[in-house]
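A.B. asks: sequence-free structure coming up:
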């Protein structure tokens, strides 16, 4: 009886070993076979995607059966008015890993600040045949819509260099300011310590008539006879409508600023906000950035001329 049991156990062990060896052999000798690949697009090819949303669009490449090696699908730009790196980025290669049947490629929409009409791009996925997969190239089209902010951005710049009392001097050493006050004469936004200065008027602010003040605070003792190259830009990001004004003739360096005793070292603009619409005017109700206002309210003028910037900040 003992001999019979031993023989049976031995046979069982050999049977189990034989099965395991067969399984490993099948895995190890598995051969590459032709597979068919297809593409499923996960986004609309007709609806424009607003660049402000910075969408990431995707598509899926699927095989009808897995392969023992990685499958590489090249993706290339075919045509379009959009520019890679400025308006979009995309995966140049999509890899389906060995023993898998699918992989996802992406197209990322990028936001910029320039006004642009709807732009397009067309990509080609794959070639007529890539390793172990038969494939008919597929073209994808993406439409990118323009982004426009509802906020109003105001930039005051005066960069450059000049020959000052101690030699070459940066104009940014001269202190210029931007201030926004509401109709009650309260400060809403200020920009005092940058070069350039910037104020963003939020579309969520109450509708009101606001006063924008551009001023020279101090020339820091510089008396060169020249104009400060001040320029004012008012715009909505992504909008065709922008305003740009050369203010240099209004700010002679030698005249000094408000803190130097020059009570004329400022300009005023009126900004009427109604919803997301901003109307910028000078004293003549002209929508241009020019002129020194003659109807500057005494309340606001008093604040500007007697301000303590440290307290306001």
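C.D. replies: Structure's in. What do you need? Note that the coordinates shown come from a computational prediction; the quantities given were computed from them, not determined experimentally. Numbers count the residues shown, from 1 in each chain.
A.B. asks: Give me the distance between the two termini of stretch 251-269.
C.D. replies: Start-to-end span of stretch 251-269 (CA to CA, to the nearest Å) is 16 Å.
A.B. asks: now the helices for the stretch 201-313 of the chain?
C.D. replies: Using DSSP state H, counting those that start in this stretch, the helices of the stretch 201-313 of the chain run over residues 298-305, 309-312.
A.B. asks: Least confident of the ones you listed, on average?
C.D. replies: Within these, the stretch with the lowest mean pLDDT is helix 309-312, showing a mean of 51.
A.B. asks: Apart from its chain neighbours, what residue comes closest to the spatially most central residue of the chain?
C.D. replies: The residue lying closest to the centre of the chain (CA atoms, centre = their mean) is residue 111, at 4.1 Å. Nearest residue to residue 111, sequence neighbours excluded (CB to CB, 6 or more residues apart in numbering): residue 51, at 4.8 Å. Backbone N, C-alpha and C define where each C-beta goes, glycine included.
A.B. asks: wouldn't that neighbour be in contact with residue 109 here?
C.D. replies: Yes: under the criterion of CB atoms under 8 Å, residue 51 makes contact with residue 109 at 5.4 Å.
A.B. asks: what's the overlap in contacts for those two?
C.D. replies: 87, 144 (CB atoms under 8 Å, 6 or more residues apart in numbering).
A.B. asks: Tell me where the model's unsure across the stretch 51-200 of the chain.
C.D. replies: The model of the stretch 51-200 of the chain has pLDDT under 70 over residues 128-134.
A.B. asks: try the stretch 201-313 of the chain
C.D. replies: 282-313.
A.B. asks: just the strands in it please.
C.D. replies: Using DSSP state E, counting those that start in this stretch, the strands of the stretch 201-313 of the chain run over 208-218, 231-235, 242-246, 266-274, 277-281.
A.B. asks: Make CSV out of those and add mean neighbour count.
C.D. replies: Shown next, in CSV, are the strands of the stretch 201-313 of the chain (neighbours: other CB atoms under 10 Å):
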stretch, mean neighbour count
strand 208-218, 21
strand 231-235, 20
strand 242-246, 14
strand 266-274, 19
strand 277-281, 16
